[in-house]
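S.K.: structure for the following, please:
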Amino acid sequence: MKKHNFNAGPSILPREVIEKTAQAILDYNGSGLSLMEISHRAKDFQPVVDEAIALFKELLHIPDGYSVLFLGGGASMEFCMVPYNFLEKKAAYLNTGTWAKKAIKEAKAFGEVVEVASSEAENFTYIPKAFTVPEDVDYFHITTNNTIYGTELHDDLNVNVPMVADMSSDIFSRPIDVSKYICIYGGAQKNLAPAGVTFVIVRNDALGKVSRHIPTMLNYQTHVDKGSMFNTPPVVPIYAALQTLRWIKKEGGVEEMQRRAKERAELLYAEIDRNKLFRGTVCKEDRSLMNICFVMNDEYKDLEAEFLKFATDHGMVGIKGHRSVGGFRASCYNAMALESVKALVACMQEFEKLH
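M.R.: Purely as a prediction, here's the structure:
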């Protein structure tokens, strides 16, 4: 039976990315050595980093004056690295979910934090709209896609201050105007690579503005100066990321990824809205294209465990909702085939007929 991987992360990757990475782990470039055991400073690995950076810049149309970094620690490390490097006096944050709250908590250790708006009172079921960002802040931080609650910012915001964005789960799924941001970061394990590498896009002239001492490893400038090679980088995830970036380019770029994302999401949301057993959990205009969350309608709540087993038995993997939300979550990242979404829809329809 075919498995359909809806895991939220680590998540689905293109099959060819997995196969090419697996081959390199067995024998890298015919060297007789595994990718896992070569030096990160080997002459045939540096081109991997160089090409990955070049493809980042090409696919996202990153303007001159920005650096692309490959670091460790996940997005959670960036929650403190961002204020360490950019927060001198005051920063603004938009609270749209669990990860935004974690970022806010870390930032408060470095200066004043203004929470410009929050949807927490409504269990993060929408993206706040009517808010004002103070003009005297060092930066405004947003989380563009909320994996747990299934909401997403579909366009770049227009504000008069520098922006920072956590794009862990929707990077490369839509075009973005990088020039609006001084920093974009994310864990790679949702739309780019296996867990273990974090990408950071940073505007070079935004660095060096804070008066505090920054520990060497937490200073973006350290990694800009050394091209992500200050210490041993996560070699295997970077190699896999390169394969994914090549795949995105071959498939038609970020614009094509966005078209596919909309096609998948429209199909699944249409079934959620039609099927009498289910309902969506968030405001329709803020529905995520990456993490599609839904629950049983109240009168069918007692069927939740039964549907989860039914779907699992039909090859659906990872559709259980996050423990803080419940219900179901179908994560539809770039590598997700439309065929898998159709299979889930068919599964929902079959279950409806049984009840």
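
S.K.: mind checking pLDDT for the most centrally placed residue in the chain?
M.R.: Taking Cα atoms, centre = their mean, the centroid of the chain lies closest to residue 169, which sits 1.6 Å from it. Looking at residue 169, its pLDDT is 96.

S.K.: can you check residue 288 too?
M.R.: Here the pLDDT value assigned to residue 288 is 98.

S.K.: ramachandran angles for the nearest residue to it once chain neighbours are set aside?
M.R.: Distances taken as Cβ to Cβ, 6 or more residues apart in numbering place residue 152 nearest to residue 288, at 3.9 Å, with adjacent residues excluded. (Each C-beta comes from the backbone N, C-alpha and C, glycine too.) Residue 152 adopts backbone torsions of phi -150, psi 140, taken as degrees, to the nearest 10.

S.K.: so the residue nearest to the centre of the chain, which of the three states?
M.R.: With DSSP: H, G, I helix; E, B strand; the rest coil as the basis, residue 169 sits in coil.

S.K.: gap between it and residue 74?
M.R.: 12 Å (Cβ to Cβ, to the nearest Å).

S.K.: and residue 166, what does it touch?
M.R.: 75, 78, 99, 100, 103, 141, 142, 143, 144, 185, 186 (Cβ atoms under 8 Å, 6 or more residues apart in numbering).

S.K.: so where does the third one fall, helix or strand?
M.R.: In this assignment (DSSP states H and E), residue 99 forms part of helix 98-107.

S.K.: go on, the second one?
M.R.: Taking DSSP H and E as the definition, residue 78 sits inside helix 74-86.

S.K.: and stretch 117-129, which residues are buried?
M.R.: 117, 118, 119, 124, 125, 126, 127, 128 (16 or more other Cβ atoms under 10 Å).

S.K.: go on, stretch 337-355?
M.R.: Applying 16+ other Cβ under 10 Å to stretch 337-355 flags 337, 340, 341, 343, 344, 345, 347, 348, 351, 352 as buried.

S.K.: would you format those residues as JSON lines with secondary structure and pLDDT included?
M.R.: Output for those, formatted as JSON lines (DSSP: H, G, I helix; E, B strand; the rest coil; pLDDT from 0 to 100):
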{"residue": "337", "secondary structure": "coil", "pLDDT": "97"}
{"residue": "340", "secondary structure": "helix", "pLDDT": "98"}
{"residue": "341", "secondary structure": "helix", "pLDDT": "98"}
{"residue": "343", "secondary structure": "helix", "pLDDT": "98"}
{"residue": "344", "secondary structure": "helix", "pLDDT": "98"}
{"residue": "345", "secondary structure": "helix", "pLDDT": "98"}
{"residue": "347", "secondary structure": "helix", "pLDDT": "98"}
{"residue": "348", "secondary structure": "helix", "pLDDT": "98"}
{"residue": "351", "secondary structure": "helix", "pLDDT": "98"}
{"residue": "352", "secondary structure": "helix", "pLDDT": "97"}
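
S.K.: any chance of these in TSV with distance to residue 35 as columns?
M.R.: Listed next are those as TSV, based on distance: Cβ to Cβ, whole Å:
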residue	distance to residue 35
337	27
340	29
341	32
343	33
344	34
345	38
347	37
348	40
351	43
352	47
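
S.K.: let me know the closest of those residues to residue 294.
M.R.: residue 348 (9.2 Å; Cβ to Cβ).

S.K.: what's the spacing between the closest one and residue 280?
M.R.: Separation of residue 348 from residue 280 (Cβ to Cβ): 13 Å.
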